[in-house]
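> here is my input; please provide its structure:
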Amino acid sequence: MTYSYVPGEWTALAADGGLALLHPNIPAASVRAVWKAMSQRRPIAEWLEIIAGGGIISLPAFGLLQAGPDGVRVLVRGEVRAEVDDVEVVADGMNTWREHVVPAAGSFSLRVPGAGGETLPLLGGIVFADALRAHQPGVALPDGEADAVALGAAGSEPEPEPEPASGSEPEPDPEPASGSEPEPEPEPEPAVVPEPDEHEATIMRPEQPLASSAVDEDTFVGPSEDE
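Model (predicted):
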């Protein structure tokens, strides 16, 4: 199911086959509670209970629609008007609200008098609007609404990722040129032995002691026989 809306001042909610158009005086806390109930596909009676929490006398105008197995259930109060296919449901002259069930529907909408302007697509959520419509697939729509719904449906599907061209293969890494040989590794240079320093001290080994030339005092050397 797709949605479209006409921008305005009322609070419009669209989720899971349900629509709500709430008077601007309905507080934000109630709007959030209604949105939660709609998102959880709670019965339309629970939506009404949230809105009427402050009492019936001070209850602002509203419109509620929910699609179900038995058709579309409609609740409207005040100036809000509901349309289900060719059936219009209004609450003129009612002190509370008007409730009606339409057995089958291809599209259904909520609007307030004076709503007009460009129809915009909506994937779902909460917007400020004076008119809100839900469309079943395959339902013929006016040109303006048909274009908006088509645009919204196109935006809801992600674009497929491009596929690689057929027969394309990743380019191989370039091979080295034929006949090329790796460069030889440089030979290590011989280690340099440092020369001794001229100023370094020379270590001299002690020489063998000379034979003593001293003559013993008791030794007497006399004259030779030739003398």
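> just the helices in this structure please.
Assigned by DSSP state H, the chain shows helices spanning 28-39, 44-51, 143-155.
> what's the longest strand in the protein?
In the chain, with assignment by DSSP state E, the single longest strand is strand 2-15.
> what pLDDT, on average, does that strand get?
If you average the pLDDT over strand 2-15, you get 97.
> how long is stretch 87-101 end to end?
By CA to CA, to the nearest Å, the extent of stretch 87-101 from end to end equals 10 Å.
> buried residues, it. List them.
By neighbour count with 16 or more other CB atoms under 10 Å, stretch 87-101 contains the buried residues 89-91, 97-100. From N, CA and C alone the C-beta is placed, and that goes for glycine too.
> now do the contacts for the nearest residue to Ala115 once chain neighbours are set aside.
In this structure, Ala115 finds its nearest non-sequential neighbour in Asp130, 3.6 Å apart by CB to CB, 6 or more residues apart in numbering. The neighbours of Asp130, taking CB atoms under 8 Å, 6 or more residues apart in numbering as the test, are 6-10, 111-112, 114-117.
> closest one of those to Gln40?
Trp10 (22.9 Å; CB to CB).
> hmm, back to that, tell me the two of the buried residues of stretch 87-101 that are most distant?
Farthest apart among the buried residues of stretch 87-101 by CB to CB are Val90 and Glu99. That separation is 12.1 Å.
> re earlier: can you tell me which of the contacts of Asp130 are buried?
Using 16+ other CB under 10 Å as the burial test, these include 6, 8, 10, 111-112, 115 as buried.
> reformat those residues as JSON lines; add distance to Ser30.
Formatted as JSON lines, the buried ones among the contacts of Asp130 follow (distance: CB to CB, whole Å):
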{"residue": "Val6", "distance to Ser30": "23"}
{"residue": "Gly8", "distance to Ser30": "19"}
{"residue": "Trp10", "distance to Ser30": "14"}
{"residue": "Arg111", "distance to Ser30": "21"}
{"residue": "Val112", "distance to Ser30": "18"}
{"residue": "Ala115", "distance to Ser30": "22"}
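> which one among the residues you listed gets closest to Ala61?
For those, the residue nearest Ala61 by CB to CB is Val112; the value is 8.0 Å.
> can you give me the pLDDT of the closest one?
Looking at Val112, its pLDDT stands at 97.
> do Glu225 as well
For Glu225, the pLDDT comes out at 47.
> and the contacts of Asp130, which is closest to Ile26?
Of all the contacts of Asp130, Trp10 has the smallest distance to Ile26: 9.2 Å, by CB to CB.
> beta partners for the closest one?
On the basis of DSSP bridges, Trp10 is bridged to Ala129.
> heads up, I number from 51, so please use that
Sure, I'll start counting at 51 from here, so that last one is Trp60.
> what sits against it?
Residues in contact with Trp60 (CB under 8 Å, 6+ apart) are 71-74, 162, 178-180.
> now swap in Arg91 and tell me
Contacts of Arg91 (CB under 8 Å, 6+ apart): 66, 68.
> that one and Trp85: what is the separation?
Applying CB to CB, to the nearest Å, the value for Arg91 to Trp85 is 12 Å.
> do Gly121 as well
Applying CB to CB, the value for Gly121 to Trp85 is 23 Å.
> tell me which of these two has more neighbours.
Higher neighbour count among Gly121 and Trp85: Trp85, with 20 against 16, using other CB atoms under 10 Å.
> isn't the more buried one right up against Ala62?
No: with contacts counted by CB atoms under 8 Å, Trp85 stays clear of Ala62, the gap being 10.9 Å.
> may I ask which helix or strand of the chain has the lowest mean pLDDT?
Lowest by mean pLDDT, DSSP states H and E among the helices and strands of the chain is helix 193-205, with a mean of 47.
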